[in-house]
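> Sequence plus predicted model, see below.
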Amino acid sequence: DGGITQSPKYLFRKEGQNVTLSCEQNLNHDAMYWYRQDPGQGLRLIYYSQIVNDFQKGDIAEGYSVSREKKESFPLTVTSAQKNPTAFYLCASSQDPYGRQPQHFGDGTRLSIL
Amino acid sequence: EDQVTQSPEALRLQEGESSSLNCSYTVSGLRGLFWYRQDPGKGPEFLFTLYSAGEEKEKERLKATLTKKESFLHITAPKPEDSATYLCAVQAPMRNAGNMLTFGGGTRLMVKP
């Protein structure tokens, strides 16, 4: 089945630690996105990538980093500079970053502070 | 700045009690409006895309409509399995090309048997 796989489902971070969230898609989509969701709030865009080896900052990129070395993979690193990392992180992809197709989402990673 | 506001924040219905969820938006150059359903601990699941005012889409007990300022998600004779958070998002051209989504805060729907 085609889809987006995020791992792990739950992740705990210690003070001063960087952690990496995995996102893999087998939909052959060009564009991939990372969002953060806090309780009772909408999704906020962290980073997005329209094509391999290229990515752009979203609205809340500070304290996060990404890479896009392969079309199917878009990992997100939450660095120690992100002082409030506790949230639900969602990865999405869409067929064409310039088209009007919907974005499709993975089932998220919940990150908490130890 | 693009803005999306959903109301109410939470809605409790009895099974079979029809109602509507509202999504008001302000955006420059709307490319599309999307409705998603999100279950607890899961990612949003795509429901509908609406592209122009007057357009309507239906799926089972759900019907989405669009005007120039807002969209409604009508739920007819809901069942407990319709309980979820419903998210609305508008798509507009991004400053450096590409179409980005701006999400509302969602409406949490609870349907009691």
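Perfect, thanks for sending it. None of these values were measured; they are calculated from a predicted model.

> make it CA atoms for all contacts and neighbour counts henceforth
Noted.

> Show me which residues of chain B are close to chain A?
B:31-32, B:34, B:41-46, B:49, B:87, B:91, B:97-99, B:102-106 (CA under 8 Å from any CA of the partner chain).

> chain center to stretch A:66-82: distance?
Put simply, stretch A:66-82 sits 7 Å off its chain's centre (CA atoms, centre = their mean, to the nearest Å).

> what's near enough to touch residue 23?
Going with chain A. A:4-7, A:73-76, A:91, A:106 (CA atoms under 8 Å, 6 or more residues apart in numbering or on different chains).

> was after chain B, sorry
Shown in contact with B:C23 (CA under 8 Å, 6+ apart): B:4-7, B:70-72, B:88, B:104.

> ok, so of those, who is nearest A:V19?
Taking CA to CA as the measure, A:V19 lies nearest B:G104 of the contacts of B:C23, at 28.1 Å.

> where does B:D2 land on pLDDT?
You'll see B:D2 listed with a pLDDT of 83.

> which stretches of chain B have low pLDDT?
By pLDDT under 70, the weakly predicted segments of chain B are B:94-98.

> And the strands in it?
Remark: strands assigned in chain B by DSSP state E are B:3-7, B:10-14, B:19-26, B:32-38, B:45-50, B:56-59, B:62-66, B:70-75, B:84-93, B:99-103, B:107-112.

> The shortest one pairs with which strands, and in what direction?
Each strand paired with strand B:56-59, and its direction, by DSSP bridges: strand B:62-66 (antiparallel).

> Give me the contact list for the strand it pairs with.
Contacts for strand B:62-66 (CA under 8 Å, 6+ apart): B:48, B:50, B:52-58, B:71-76.

> Now do the same contact list for the closest residue to B:G32 other than its chain neighbours.
Distances taken as CA to CA, 6 or more residues apart in numbering or on different chains place B:Y51 nearest to B:G32, at 4.5 Å, with adjacent residues excluded. Neighbour list for B:Y51: B:30-33 [criterion: CA under 8 Å, 6+ apart].

> Same question for A:Q41, what's its three-state structure.
Secondary structure for A:Q41, judged by DSSP: H, G, I helix; E, B strand; the rest coil, is coil.

> related to what we said a few turns ago, if we only consider the contacts of A:C23, which is nearest to A:Y64?
A:L76 (7.0 Å).

> what are the bridge partners for that closest one, then?
Judged by DSSP bridges, the bridge partners of A:L76 are A:L21, A:V66.

> Likewise for B:L73?
B:L21, B:A64.

> Pull the contacting residues for residue 20.
Reading this off chain A. For A:T20, counting by CA under 8 Å, 6+ apart, the contacting residues are A:75-78.

> wrong one, chain B
B:72-75.

> Swap in 10 Å and give it another go.
By CA atoms under 10 Å, 6 or more residues apart in numbering or on different chains, B:S20 lies in contact with B:7-8, B:11, B:62-64, B:71-76.
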